[in-house]
Structure formats: C-alpha cells, structure tokens
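J.: Show me the folded form of this:
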Amino acid sequence: MADPILLARHGDTECQLLPALANRHGLITGATGTGKTISLQKLAESFSQLGVPVFMADVKGDLTGISQPGHASTKLLAVLKERGLDAPAPLACPTTLWDVFGEQGHPVRATVSDMGPLLLSRMLALNETQSGVLQMVFKIADDHGLALLDLKDLRAMLQHVGEHASEFTTQYGNVSAASVGAIQRGLLQIEAQGGDRFFGEPMLNIQDFMQTVDGRGVINILAADKLMAAPRLYATFLLWLLSELFETLPEVGDLDQPKLVFFFDEAHLLFKDAPAALVERIELVVRLVRSKGVGVYFVTQNPLDIPDTVLGQLGNRVQHALRAFTPRDQKAVKSAADTMRPKPGLDIAMAITELGVGEALISLLDDKGRPCVTERVFVLPPGSQIGPITPEQRRALMADSLVAGVYDEPVDRDSAYERLTGRAAATPAAAEARDGARPADRAGARPGTAGSMADEADDAFRQSKPLPGREAPAPQDTSGGMLDGLKDMLFGSTGPRGGRREGLAETAAKSALRSIGSSVGREIVRGVLGSLLGGGGSSRSRRR
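T.: Numbers count the residues shown, from 1 in each chain. Okay, here's the model as predicted:
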C-alpha cells in the first residue's frame, strides 16, 4: 500500500491523505490569495511522486513551475520557521504542456461527434428547442453516414438540413429555420473565440494523460489563461474530458491509489447557467468515475459554487480563508462550516474568517472512509518551483515531451463538409448533362416509345403532302377515262415521271393514322409525366 500524503501540519497535528481514498474526490476552496494554488501544487506533486498521473488547468499561468526544482526564498524560509515547518527538498515532476489553441503546449482536439449535442448545446447556450434541433442534426448525420469532425462539417450539415427541412419533417420532426440560424450564429461566436482549433483531428487519446516516467506520474498542465476569455469553451472542454475518462476507462473498483487525479480549477464555471440535465450528468459522472480509479478535485472560491448533489460526493476538504463582507459571503461561511465535521473547542465558522495565507481547515477521510475531525493547520509548501517557467523552458518541455509531434499537425479527412459540398458541386454538372441529352436524336428513338410513335405519325403526315415542285397532272376530259380518273383519284395513280401519287382514300387513311399516333403519343407522354409529377395525367385522360 502506498504511503500517505502529508499535506499539512500544526505542531504535533498532521493531516495525511490516504492514496486508497483519494478517488473519493475532494474540494479546495478559499478567497483569492489565500493559498489555494499552493495546496493544489502540493497535492499534484505528491501524487506524481506516488506514480499517479495528474491533470490540472493552469488558469493564472503559474502552475508550470512544478516542472522545475524549487528554491525557498528568504521570505518563505522566515514564514516556515515561524510556523515550525521545515523547508522542502527541491524536486521536479515530469510535465506535459497542453493548449487548446496550440500556442503554449501541444494542441488538444476533439471531434464534433465525440463532443455530442448535449455539451455543444451548453457551449452555444441554446434553449430547449434549439437543442432539440441540434440533436436532430446529429441523428440525421448518423443515419446518413456523414461524419461530423470539425465545425465546418457541422455548419454544412446544418445548412443541408435547413435547406431540405421538408424532407426530414416526417421522420425526424419539424426543423425551424430560426433555430438553425441561432445555432449557426453560436458557431460563429465559437469560431471568433478560437474554438474552431479545438474541433478536429487527430483527437486526443485519453491514455496520453495517464503516463509515467521513471515511476513518477506525468503532470498534464492545460494552459487556460487565454482559454478563460471563452469560459463556456473552457468549461465544456473540461466536462468533455471528464466524460471521456468515464466512458473510456474500465471498471477497477477501489485501488491502493488512483489511476489519475483530475483538478477542476475555477470550478464555478462548470455549473454557471448550466441546465438541469447537464448538472445531473456531472453529478452522475462524478459519482461513478470513482470506480474507474479517477479522483476529481474541484478548486473554487466559494463552496456555494458547487451544487449540493455534487458537493455531497466530495469527501476530502481543504478550506482556506473566506471573507464575510457581504450577506452572500456570510452564507458561504456558514455553509462551509456546516459541511465539515466539527471538532470540540474549534469554532469552524469563526476560524474560516481568521485564517492566514497558507493556513487551512482540513478534513480528510480516514481508513474507514469517514471524515476526520476538522483541523486548523498549515499547508506544507511544494518542493517544486512556485511560479511560472520561462518561454525557453516551455519550449524545451514541449520538444522533449512524450507526445511531441503526435498532435502538432491537424488532419482534415473526408467528412460531412466534403461529401455535402462535393455532392452540391456535382449537381449542376449532372443537370447540364441531363439538359443536353433531352433533345434526343429522333432517328435513334427506340421503337414503341412515345417519341418514336409521334415521329412515325409526323412522317405519315409529311408523306401526305405533295413534294415541292411536283404538280398534279391535268385531268383528261374524256368520258371513257372518267371511271379511270375516279379510280385514280380514290386509290392513287402513277405520275408521268413514274412517281407514286396518293389517292383520297390513302390520304384519309394516313391522316387517320397520324391522328391516332399523335393521340397515343400524347396519352403516353401525359401518363409518364403524370406519374413523375404525381398528377396522374391530365383530367381528360383520367376521365377516359
């Protein structure tokens, strides 16, 4: 079993975190400047020394010093001597730097499909109706085999669904053009905040967060100083990461020590304006991810920032000073005091307002999983450097990283955007080809078709007319030839040049044939067009 983590001390009183119970989660709270960052850094480097990988967001940009050995300043040595504490031994932790924007660390990416409609709705601040439309778009993309990888895929899919809304209404439901427009506007805002660099491939492999070097756990630090300008993107990314851990890691039960410890800094952003469905999901993941061997620690200023359903899952507590300047602050002090196990002779509510920098009220779980009595103690300083590293040190860390070159170059493979735009580009060419083939050569028309029958009728009509330049011979004015003339007129005769001249009977027969052929051709054409257009032919053909 791993050795306990000595977190704080005051005289003979020590507060030790048991690694086997570190996956029961925790909470670090306190006002600005009271020592939350030092407590977080001390816990992180202690987990790393045990061989436990750690993930944490660097909001202020000063956690990267954990990668370098520390040197106690004169001021720090004086404070430690006053509190009866020893100076820590210098140490450095293996560190991997990450950055959603790919500037201060290796890029972190997720695909749109993997993010899912629920978290995207949270990121875009959609209402219930708009969220329903977004879920419908995801469903249509899945049913039609269209991969949603980056934002341009989602934008193309939204446009496609909006333009063909009537085709999807029966199977999927109504698609509101206003909702599609609202989602598109939200995507434009995310792109303006740089979120388009977060969506894409290669997507982060969660196993790259769970590496060790020489028996020490790797500290994964997300550069979040710039990301805090887009708080919804920051909160959604952390929630997606926690969901990935929950869905990817296998069940392991209670281990001697966690497989990964996850620190949520500025945790109030996770729950600010979050819909009830999302809060329920966070509470579910926090409750169940314990059995995956993951410990989750929320870091925030006020314990009221955490919903009660989530707060009840956090067994290890580190409470720094709170300032009771407003009624809400006073309520927060009372709430924090009521949630910690009391100690005889210690007024917790009063102590919370009196704590100095680096001093805290701590209640950790004992070996039976019960909260220990609350102790007023001094948090031990970390052995690593306190404060940020230089740009040269940052570049050196990135060059020597275990994932150097793995995520640096984006990959843009065929997906919904390419397929939809490719289909749109092919449509005009196909239409042009069809239009060019419409005036088909009548000589090549298949026998029995409407076109061939109409052509035969037209030929018959043309053959009934005299050829140009051919004049009918003058009739002979003899009584003996009268019957012959009548016969020739009815049944035709041979012209003076040997040509055939039609009689009235043949002309009438061919005229009738022409009429029949034209009528049949028209009826067939009407029937074909009617079946294509859904009209069932003309009213005349239906009456017949």
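J.: Give the burial count for the closest residue to residue 69 other than its chain neighbours, as a bare number.
T.: Once flanking residues are discounted, residue 69 sits nearest to residue 90: 3.8 Å by Cβ to Cβ, 6 or more residues apart in numbering. Any C-beta I mention is one placed from the backbone N, CA and C, and that applies to glycine too. With neighbours defined by other Cβ atoms under 10 Å, the count for residue 90 comes to 13.
J.: same check, this time on the one 10 residues further on
T.: Look at residue 100: counted by other Cβ under 10 Å, it has 24 neighbours.
J.: And residue 211, by the same measure?
T.: There are 14 residues near residue 211, going by other Cβ under 10 Å.
J.: Spit out the contact partners of the closest residue to it other than its chain neighbours.
T.: Leaving aside its sequence neighbours, residue 211 sits nearest to residue 218 (Cβ to Cβ, 6+ apart; 4.7 Å). Contact analysis of residue 218 by Cβ atoms under 8 Å, 6 or more residues apart in numbering lists 48, 53, 54, 93, 94, 95, 96, 209, 211, 212, 402.
J.: Can I get the buried ones among the residues you listed as something I can paste into ChimeraX?
T.: Selecting the buried subset of the contacts of residue 218 in ChimeraX, with 16 or more other Cβ atoms under 10 Å as the burial test, is done by:
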select :48,53,54,93,94,95,96,209
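J.: of all the contacts of residue 218, which comes closest to residue 199?
T.: Set against residue 199, the nearest of those by Cβ to Cβ is residue 209 (19.1 Å).
J.: Show the model's pLDDT score for the closest one.
T.: At residue 209, the pLDDT value in this model is 93.
J.: Now do the contacts for it.
T.: 53, 55, 218, 220, 260.
J.: Output the below-cut-off pLDDT ranges for the chain.
T.: Low-confidence segments of the chain (pLDDT under 70): 1, 423-544.
J.: The stretch 101-250 of the chain: helices as residue ranges?
T.: Here the stretch 101-250 of the chain has its helices, by DSSP state H, counting those that start in this stretch, at 112-124, 128-143, 151-163, 165-172, 177-192, 231-248.
J.: Which positions within the fourth one qualify as buried?
T.: What that stands for is helix 165-172. Within helix 165-172, judged by 16+ other Cβ under 10 Å, the buried ones are 165, 168, 172.
J.: distance between it and the chain's centre?
T.: 23 Å (Cα atoms, centre = their mean, to the nearest Å).
J.: now do the fifth one
T.: In terms of Cα atoms, centre = their mean, the centre of helix 177-192 is set 14 Å apart from its chain centre.
J.: now do the second one
T.: On the basis of Cα atoms, centre = their mean, the separation between the geometric centre of helix 128-143 and that of its chain is 12 Å.
J.: Would you mind getting the angle between it and helix 112-124?
T.: With axes from the mean of the first three to the mean of the last three Cα atoms, to 10 degrees as the basis, helix 128-143 and helix 112-124 are set at 170 degrees to each other.
J.: what's in contact with the helix or strand containing residue 332?
T.: Residue 332 belongs to helix 327-338 when assigned by DSSP states H and E. By Cβ under 8 Å, 6+ apart, the list of residues contacting helix 327-338 from outside reads 29, 302, 303, 304, 319, 322, 323, 324, 348, 349, 352, 353.
J.: What's the ChimeraX line that selects buried ones from the residues you listed?
T.: Restricted to buried positions by 16+ other Cβ under 10 Å, the ChimeraX selection for the contacts of helix 327-338 reads:
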select :29,302,303,304,319,322,323,324,348,349,352
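J.: Looking at the contacts of helix 327-338, which are in helices?
T.: Counting by DSSP state H, the contacts of helix 327-338 place 348, 349, 352, 353 in helices.
J.: what's the closest of those residues to residue 193?
T.: Among the ones in helices among the contacts of helix 327-338, and counting by Cβ to Cβ, the member closest to residue 193 is residue 352, at 36.5 Å.
J.: The closest one and residue 317 touch, don't they?
T.: No. Using Cβ atoms under 8 Å, residue 352 is not in contact with residue 317, being 11.7 Å away.
J.: returning to what we had before: same list as before, the contacts of residue 218 that is, but in CSV and with secondary structure included.
T.: Converted to CSV, the contacts of residue 218 look like this (DSSP: H, G, I helix; E, B strand; the rest coil):
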residue, secondary structure
48, helix
53, coil
54, strand
93, coil
94, coil
95, strand
96, strand
209, helix
211, coil
212, strand
402, coil
